[in-house]
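S.K.: could you look at this predicted model? Sequence included:
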Amino acid sequence: MKNWSLKQRLTFVSAFVLTVAFSIIFFATQSAYLIASKNRLQESMTAQVYALMAVANEDQGQLFIPDILRNERLENLSSGLVAYVMDQSGGLVWQSPSSELFQSLPDVNFPYSMQKISESSFEGRDMYWVGVSIIWEHEDEQEKTYYFIIGEKQSILNSSVSKFRKEIAAWLSVSGILLLIVFAYALNYTLRPLKKAQTQIEKIREGKVQGLGDDFPEELLPLTMSINQLLESEARQKNRFRDSLGNLAHSLKTPLAIIKGEIENQQISDERNVLKNQVERIDDIVKYQLNRSVISSGRTLVKTCAVQPEVSKIVEALKKVYQSKNINIESRIQSNAIFPGDAGDLLELVGNLTENACKWTKSNVVVSVKHKENHFCLYVDDDGPGIAEENRAAILNRGKRLDQSTEGQGLGLSIVMDIINNYRGEIVIQDSALGGALFLVTIPLDD
């Protein structure tokens, strides 16, 4: 159940509880029905004993039972109900017509009772028994002991219990299914606020709204308020980081410009060239950090932006910058293509790779974007000299460190690598169909 949804967990638990509860009800009801049936049978058989005793009479010093009784079951061979009257020695005094199915007689030494049913096997049949012994005083003042015994096949009661068991099982099954249906509806209704919260969070990730509403049940309000506070805190922190880096970079640009100007005014010397190189390096670091200040922290709850408008801005700008090289910059963007993140990151990613291609190309650069296997795929092709296969991994590794960068593959590629790492993407360098290098960036759309 580790990865089960709340609905699956609640459904499983409810089904388990219903199964256990209905099983207990089933066995308890069956047991109660069996006990009640035995009690009714004991009362009925006891009444039959008293009825036999009531019709018993004396005839010439012998106990006499009329042949015609007011009980059809005792007259019927297949009724399963039998009756015997026996003397103290176990001799038969009278038996019901229904008992003629049996060849033997009950054992008078068996512990018969009127208060509870006794059970025994009689000629291979399981029987219930009720009986009593009485002392009859005859007209000649002789006292004799007689046994009045009533028996019934257990299969009759068992059949009734089995029928009841099937009926109660059917009713409990139907009740369980209906309860699960009702529970499923109640569960969907109860979880509707969570579904609403999920929908609003999706809109936040897509940048359509800025926070969750306040029309939620009181149990969810602490959660929604915490999410809104987290969003506000993230936005404030991001702005603070960007402002701090931007202010630092801008603060350093002016003194660096003054130092660079003073160095230019000095006479040519080796020391001057060293200072100039170090100042330029510091200037590159400032530019690098200034660019990093506009890079987001990767995936946030504001998730996507359209690709076509942003790429069009970059292409038009680079056409103007490299107008003197007469470069043909072409964009091939899949319709409705989206970038799974901040628009500023998309501008930096496409802009740096495309500008790098423009520096090395002869005349053609192609920027392509499409979705493939649930990934955002960016292709930047050029017809320049290309990059040798043995140097490709080194170039990507050097892109992570400014002090190892080279012109055209340093600062811009460092920013590109930062963005790709933030978005858990990948970049590879391949041979372009145009004859130069192909930079391929893939970023998962769903993380």
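M.R.: Structure's in. What do you need?
S.K.: in its sheet, which strands sit next to the longest strand seen in the chain, and in what direction?
M.R.: Longest strand in the chain by number of residues (criterion: DSSP state E): strand 125-137. Note on strand 125-137: by DSSP bridges, its sheet partners are strand 118-122 (antiparallel), strand 143-153 (antiparallel).
S.K.: C-alpha coordinates for the shortest one, CSV please?
M.R.: The C-alpha coordinates for strand 118-122 follow below in CSV (Å, rounded to 0.1, in the frame of the first residue of the first chain):
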residue,chain,number,x,y,z
SER,A,118,-30.3,-35.1,22.9
GLU,A,119,-28.4,-36.2,19.8
SER,A,120,-27.5,-39.7,18.7
SER,A,121,-27.1,-41.9,15.6
PHE,A,122,-30.0,-44.3,15.0
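S.K.: tell me the mean pLDDT for that strand?
M.R.: Averaged over strand 118-122, pLDDT sits at 92.
S.K.: now the element after the longest helix anywhere in the chain, going C-ward?
M.R.: Under DSSP state H, the helix in the chain containing the largest number of residues is helix 6-55. Counting by DSSP states H and E, the next helix or strand C-terminal to helix 6-55 is strand 57-59.
S.K.: about what we covered before: out of the strands paired with strand 125-137, which is closest to residue 387?
M.R.: Shortest distance between residue 387 and these, using Cβ to Cβ, is found for strand 118-122: 96.3 Å. For the C-beta atoms, the positions are set from N, CA and C on the backbone; glycine is no exception.
S.K.: mind putting the strands paired with strand 125-137 in a markdown table, mean neighbour count and distance to residue 374 included?
M.R.: Listed next are those as a markdown table, based on neighbours: other Cβ atoms under 10 Å; distance: least, Cβ to Cβ, whole Å:
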| stretch | mean neighbour count | distance to residue 374 |
| --- | --- | --- |
| strand 118-122 | 13 | 72 |
| strand 143-153 | 20 | 72 |
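S.K.: confirm residue 82 sits in a strand?
M.R.: Yes: looking at residue 82 with DSSP: H, G, I helix; E, B strand; the rest coil, it is inside a strand.
S.K.: excluding its backbone neighbours, what's nearest it?
M.R.: Nearest residue to residue 82, sequence neighbours excluded (Cβ to Cβ, 6 or more residues apart in numbering): residue 99, at 3.7 Å.
S.K.: surely that neighbour is in contact with residue 80?
M.R.: No: the pair residue 99 / residue 80 is not scored as a contact, 10.5 Å apart, by Cβ atoms under 8 Å.
S.K.: just the helices in this structure please.
M.R.: Going by DSSP H, the chain shows helices at 6-55, 72-75, 154-190, 192-205, 221-265, 270-292, 307-321, 343-360, 389-398, 411-422.
S.K.: lowest mean pLDDT across these, which one is that?
M.R.: What stands lowest among the helices of the chain, in mean pLDDT terms, is helix 270-292, with a mean of 64.
S.K.: one step back: export the helices of the chain to JSON lines and tack on distance to residue 367 and mean neighbour count?
M.R.: Putting the helices of the chain into JSON lines (distance: least, Cβ to Cβ, whole Å; neighbours: other Cβ atoms under 10 Å) gives the following:
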{"stretch": "helix 6-55", "distance to residue 367": "44", "mean neighbour count": "14"}
{"stretch": "helix 72-75", "distance to residue 367": "99", "mean neighbour count": "15"}
{"stretch": "helix 154-190", "distance to residue 367": "47", "mean neighbour count": "13"}
{"stretch": "helix 192-205", "distance to residue 367": "26", "mean neighbour count": "15"}
{"stretch": "helix 221-265", "distance to residue 367": "26", "mean neighbour count": "13"}
{"stretch": "helix 270-292", "distance to residue 367": "20", "mean neighbour count": "14"}
{"stretch": "helix 307-321", "distance to residue 367": "6", "mean neighbour count": "16"}
{"stretch": "helix 343-360", "distance to residue 367": "6", "mean neighbour count": "22"}
{"stretch": "helix 389-398", "distance to residue 367": "19", "mean neighbour count": "14"}
{"stretch": "helix 411-422", "distance to residue 367": "14", "mean neighbour count": "20"}
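S.K.: indicate which one of the ones you listed is closest to residue 90.
M.R.: That would be helix 6-55 among the helices of the chain, by Cβ to Cβ, at 17.7 Å.
S.K.: next, find the distance separating residue 10 from residue 189.
M.R.: Using Cβ to Cβ, to the nearest Å, residue 10 is found at 12 Å from residue 189.
S.K.: ditto for residue 97
M.R.: Going from residue 97 to residue 189 by Cβ to Cβ gives 66 Å.
S.K.: ok, now residue 29?
M.R.: For residue 29 relative to residue 189 (Cβ to Cβ), the value is 32 Å.
S.K.: again, but for residue 32
M.R.: From residue 32 to residue 189 the distance is 36 Å (Cβ to Cβ).
S.K.: residue 22 against residue 176, yeah?
M.R.: Yes: contact criterion Cβ under 8 Å: residue 22 and residue 176 qualify, at 5.6 Å.
S.K.: counting by contacts, list what the longest helix of the chain packs against.
M.R.: Helix 6-55 sits against strand 81-87, strand 125-137, strand 143-153, helix 154-190, with contacts defined as 3 or more Cβ pairs under 8 Å, 6 or more residues apart in numbering; DSSP states H and E.
S.K.: any chance of these in CSV, with distance to residue 41 too?
M.R.: Formatted as CSV, those follow (distance: least, Cβ to Cβ, whole Å):
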stretch, distance to residue 41
strand 81-87, 10
strand 125-137, 6
strand 143-153, 7
helix 154-190, 6
